[in-house]
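A.B. asks: no FASTA, just this:
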């Protein structure tokens, strides 16, 4: 009975009965251990069953074919590939702007179809460089400053250059240049 009287006094005072600190820590320890166990097992299962990461370079078109870069100066590809790249020298042309002298400097990289091997394609493109430079200079000289502003216009220019080069290099054959990539496009 004396125990009941002391309980009533503590409850009448408004104070709550005290819990031990152990009672408050155990739920947090259990939850923390469960979270760590799930995260750790997910990590290790992912490492075991995930497989090795692929490090092949993919072509810009998003296809799953490996691409090998070929510079005009270094020769053909050494690995099997579906397409390869050929870098052109910078081309400078005056823009069609009356009263003001403005020019554009463009450096292009051509993505060439794998139907032409790099060993045969590089000498062919080297031989055709004067024709390529001439066609690009004439086309760029016909552009105005407004024609080259904005990303939509640059995409249109890429498409038109692609058509011009395929027409110049392969007039009666299937187009062999897949994409035109801008390495430099500077306007002064």
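C.D. replies: Arrived safely. Model, not experiment: these values are computed from the prediction.
A.B. asks: Run through the strands of the chain in chain order.
C.D. replies: 67-69, 83-87, 91-94, 103-113, 177-187 (DSSP state E).
A.B. asks: now the helices: where do they sit in the protein?
C.D. replies: Using DSSP state H, the helices assigned to the chain run over residues 2-12, 21-49, 118-127, 129-141, 151-169.
A.B. asks: how about the closest residue to residue 88 other than its chain neighbours, what does it touch?
C.D. replies: Once flanking residues are discounted, residue 88 sits nearest to residue 108: 4.8 Å by Cβ to Cβ, 6 or more residues apart in numbering. Quick note: C-beta positions are derived from backbone N, CA and C, even for glycine. Residue 108 is in contact with 87, 88, 91, 136, 161, 180, 181, 182, 183, counting by Cβ atoms under 8 Å, 6 or more residues apart in numbering.
A.B. asks: thought residue 178 was touching residue 109?
C.D. replies: No - at 11.5 Å, residue 178 does not count as touching residue 109 under the criterion of Cβ atoms under 8 Å.
A.B. asks: re the thing from before, tabulate the strands of the chain in a markdown table, adding columns for mean pLDDT and distance to residue 155.
C.D. replies: Shown next, in a markdown table, are those (pLDDT from 0 to 100; distance: least, Cβ to Cβ, whole Å):
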| stretch | mean pLDDT | distance to residue 155 |
| --- | --- | --- |
| strand 67-69 | 42 | 21 |
| strand 83-87 | 95 | 19 |
| strand 91-94 | 94 | 19 |
| strand 103-113 | 95 | 14 |
| strand 177-187 | 95 | 10 |
